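coordinates for the following, if possible.
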Amino acid sequence: MTKLEEKYLFQKFQEHYKNMPSGSAVFDDKPDVVFTTSTGELIGIELTECIYNEDLMKESEYQIRFNERVIEKLEDQMSFKFHLDVDLDNKMPLRRNQVESTINEIIEVCVREFGDLNQYESKSVEQLDVDWDEAPLHIQQHFLDRGYRKLPKGISRIQMSRHDILEKSRHPESKGGVVPDFTDDILEFILKKKNKALVNYKDCDQHWLVIGEGADFYSYMNNIRIEREFETKYDKIFMYRRWNSDVIVIK
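This next block holds a predicted model:
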């Protein structure tokens, strides 16, 4: 988590935790927040994000950065603002020396395929990795009518939506999957790292751990199911649920 993300998480936690004492916060490092209550008690608050699949997180972040690079070069070539979603083919990852040429090819596809979109209209094209030259013309036309194209290698799909009201074109993070429950195993995974770090924290009267649920598919949880006993030196453990702005007391 970045410092800005940590501040956002703490502010939301402080706003929605009903038993939050009055006092003032100083953002630090070990722990992330030192909160001084109105009675002078020091509460060290560690902030962390609930990530159940770090591989998905890395994959998602790379796709976001890739889309942003495409948008940066494409925006001046389109007559309107847009949402752009370029799906990378994980089975055929791009080499570093292929990225720039692939982005240029994507831009050519977008200008050709999406340049005449109407307001709020969306269109997508999908990779069909066949030998197009060997297919009869009527079969090629069938592929085209179904939205298939010969896209740059390493790209599985490109989708654009026109939105003139946007100030800046952007990439919507829209991947998804089966959303898991927050279980004992996930909690233990988090505590395994955070319990070790606790020994290096500043001395405080209490230590709290706030687990933030993220907005992305790799850090959003379904139900909270903590059924086993767990060991920790944190005095209190919370989860901040982003979508319904709720604070769940785990300990």
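
pLDDT at residue 157, what is it?
As predicted, residue 157 sits at a pLDDT of 94.

please renumber the chain so that the first residue is 42 from this point on.
Noted, 42 is the first residue going forward, which turns the last one into residue 198.

that one belongs to a strand, doesn't it?
Yes: when DSSP: H, G, I helix; E, B strand; the rest coil is applied, residue 198 is found to be in a strand.

report the contact partners of the residue lying closest to it once chain neighbours are set aside.
Distance criterion Cβ to Cβ, 6 or more residues apart in numbering; nearest residue to residue 198, sequence neighbours excluded, is residue 128 at 4.2 Å. No exception for glycine: its C-beta is placed from N, CA and C like everyone else's. Contact analysis of residue 128 by Cβ atoms under 8 Å, 6 or more residues apart in numbering lists 104, 196, 197, 198, 199.

just for the stretch 92-241 of the chain, where's the confidence low?
92-102, 214-220 (pLDDT under 70).

tell me where it has strands.
123-129, 163-168, 189-190, 196-203, 223-224 (DSSP state E, counting those that start in this stretch).

for residue 146, which of these is the nearest?
Between residue 146 and the strands of the stretch 92-241 of the chain, the tightest spacing by Cβ to Cβ is seen for strand 196-203, at 8.2 Å.

helix or strand for residue 249, which one?
Following DSSP states H and E, one finds residue 249 within strand 247-253.

which helices and strands sit right next to that strand?
helix 44-57, strand 83-90, helix 225-239, strand 277-282 (3 or more Cβ pairs under 8 Å, 6 or more residues apart in numbering; DSSP states H and E).

just to revisit the earlier point, could I have the buried ones of the contacts of residue 128 as PyMOL selection syntax?
Buried members of the contacts of residue 128, defined by 16 or more other Cβ atoms under 10 Å, are picked up in PyMOL with:
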select buried, resi 104+196+198+199
